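Undergrad: Structure for the following, please:
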Amino acid sequence: MRLGLALLIALHGAIHLIGYREWSKLAAAGELSARTVLPLSPTGSRIFALLWLTAMLALLAAAALYALRRDAWWALALFGVLLSQGLIVLAWPQAKFGTLVNVLLLLPIVSAAAHARFSREVDSEVRALLARPSEPHASSVEPSEIERLPAPVRTWLEASGVVGRERAQMVRLKQRGELRASPDSAWMPTEAEQYFAVDEPAFVWKVTTKMMGILPIEGRDKYVAGKGQMLIKAASLVDIVDAADEKIDQGAMLRFLGEIVWFPSAALSPYIAWEPIDATTAKATMRHAGKVASAVFTFDPQGRVVGLQAERYLGGGADAKLTPWSVSCSAWRTFRGIRIPSQGEVLWKLEGGSFSYYRWEILDVEHNPAGPYGRESGARTLADPGPSEPAPKNAQ
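TA: Predicted coordinates for the structure are as follows:
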């Protein structure tokens, strides 16, 4: 797909060389003006011919940048296509068929421009989240802090390795996985980044995938100042989902609560209260921005989180109803000294049965990072985690 589009842009650009040669000959002979829709002076004729060469260079450069996966390709391609079409209109009788290629190229170019805009907007939200005021040096988790917690929660925090370590104030992580929109739809491979603020709870999650392996889909889910919003776009142009109401707020809040398993020191935050249930389960209740959300966490004897359950609104709007929602964990790894769940799935329990809609794998987690992935000064590579710990056979 990428190679095909790069070749089409390059071929279209190369054809402009033929135009440059033909129009240059006509300009030199003083015959070009008779072939254009508007009459051109001798100087205008020479400029017209040179502009075909300019369009060729712009399109060839855009093809090379696209093949090299450089984000700036679309700007050069857009310039080249618009210039090309302007020249075609001026020389319409001879060059009109080039319009078909320009129209064909315009959709991926406009989509790339929209993607760049969407990425800038999400990056701005991420930078705002990471720029929140926090303590210069986060305090360490003290053993005395976990004594008041229910036994399985206390065992979890001890086994995770957070005791004695710096507590998380900001977090970034990378995921990959599979996503689907309905029980009978195909799985779509995903890549995602997520950023969290802990002291004042918030997150921004951005994801990319492809529908049917062709149509690019990107989304952003966030929870900021007690408000959630989910935005999903096709080809960065058409909104598939743009939801923000009290029911989305509740879902985003539950998501934050469930995802503290990737930065366990957040379990000690003042807005989260824990209640014992039995030796392997405990209820966490999050109170923030005047709202309340609760989930039941389940732990194994080794102190690992194996899942959680909650009542969550399935979507937003008047028809959205509270629906059993659960997360299961199937493997664990240690990232930068903290053991966390590294694989699992998320599902709804519908009247017709369970609907698994997201399978996830954590590729990297960093607490209190210097900045967003790949954009901070002296960007670091992903951590080399420890070996995966699969779930016991009797738990699978």
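Undergrad: just checking, Asp71 touches Ala113?
TA: No - using CB atoms under 8 Å as the test, Asp71 is too far from Ala113 to be in contact (10.3 Å). Every residue, glycine included, has its C-beta placed from N, CA and C.
Undergrad: which of the two has more neighbours?
TA: In terms of neighbours (other CB atoms under 10 Å), Ala113 is the more surrounded of Asp71 and Ala113; the figures are 16 against 12.
Undergrad: Could you double-check that the more buried one sits in contact with Leu78?
TA: Yes - contact criterion CB under 8 Å: Ala113 and Leu78 qualify, at 6.7 Å.
Undergrad: who touches both of the two?
TA: Residues touching both Ala113 and Leu78 (CB atoms under 8 Å, 6 or more residues apart in numbering): none.
Undergrad: now Lys210, nearest residue through space, not along the chain?
TA: The shortest distance from Lys210 to any non-neighbouring residue, by CB to CB, 6 or more residues apart in numbering, is to Pro216 (5.6 Å).
Undergrad: Could you check how far the least confident helix or strand in the chain by mean pLDDT is from the centre of its chain?
TA: In the chain, no helix or strand scores lower on mean pLDDT, DSSP states H and E than strand 389-390, which sits at a mean of 78. Computed by CA atoms, centre = their mean, to the nearest Å, the separation of strand 389-390 from the middle of its chain amounts to 27 Å.
Undergrad: Who are the contact partners of Ile260?
TA: 266-267, 272 are the contacts of Ile260 under CB under 8 Å, 6+ apart.
Undergrad: Helix, strand, or coil at it?
TA: helix (DSSP: H, G, I helix; E, B strand; the rest coil).
Undergrad: tell me the pLDDT at it?
TA: Predicted confidence (pLDDT) for Ile260: 98.
Undergrad: quick one: it from His367, how far?
TA: 12 Å (CB to CB, to the nearest Å).
Undergrad: shouldn't Lys174 be in contact with Trp360?
TA: No - using CB under 8 Å, Lys174 makes no contact with Trp360, being 10.8 Å away.
Undergrad: Turn the contacts of Ile260 into CSV, including secondary structure.
TA: Listed next are the contacts of Ile260 as CSV, based on three-state DSSP:
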residue, secondary structure
Ala266, helix
Ala267, helix
Ile272, strand
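Undergrad: okay, Trp23: pLDDT?
TA: The model's pLDDT for Trp23 equals 86.
Undergrad: part of a helix, is it?
TA: Yes - judged by three-state DSSP, Trp23 forms part of a helix.
Undergrad: Who are the contact partners of the residue lying closest to it once chain neighbours are set aside?
TA: Leaving aside its sequence neighbours, Trp23 sits nearest to Ala49 (CB to CB, 6+ apart; 4.0 Å). Ala49 makes contacts with 20, 23-24, 26-27, 32, as judged by CB under 8 Å, 6+ apart.
Undergrad: got it, and Gly307?
TA: With the criterion set at CB under 8 Å, 6+ apart, Gly307 makes contact with 297-298, 326-329, 344.
Undergrad: Apply 7 Å and report the result again.
TA: Gly307 sits next to 298, 326-329 when contact means CB atoms under 7 Å, 6 or more residues apart in numbering.
Undergrad: thinking again about what came up before, strand partners of the least confident helix or strand of the chain, parallel vs antiparallel please.
TA: Looking at strand 389-390 with DSSP bridges, its partner strands are strand 322-335 (antiparallel).
Undergrad: Pull out the buried positions in the strand it pairs with.
TA: Of the residues in strand 322-335, 323, 325-335 count as buried by neighbour count, 16 or more other CB atoms under 10 Å.
Undergrad: Mind picking the two most distant members of those?
TA: Maximum pairwise distance among those (CB to CB): 33.7 Å, between Thr323 and Thr334.
Undergrad: Could I get the phi/psi values of the closest residue to Gly164 other than its chain neighbours?
TA: The shortest distance from Gly164 to any non-neighbouring residue, by CB to CB, 6+ apart, is to Ser140 (5.9 Å). Main-chain dihedrals, Ser140, degrees, to the nearest 10: phi -80, psi 150.
Undergrad: what's the neighbour count on Ser140?
TA: So Ser140, with other CB under 10 Å, has 13 neighbours.
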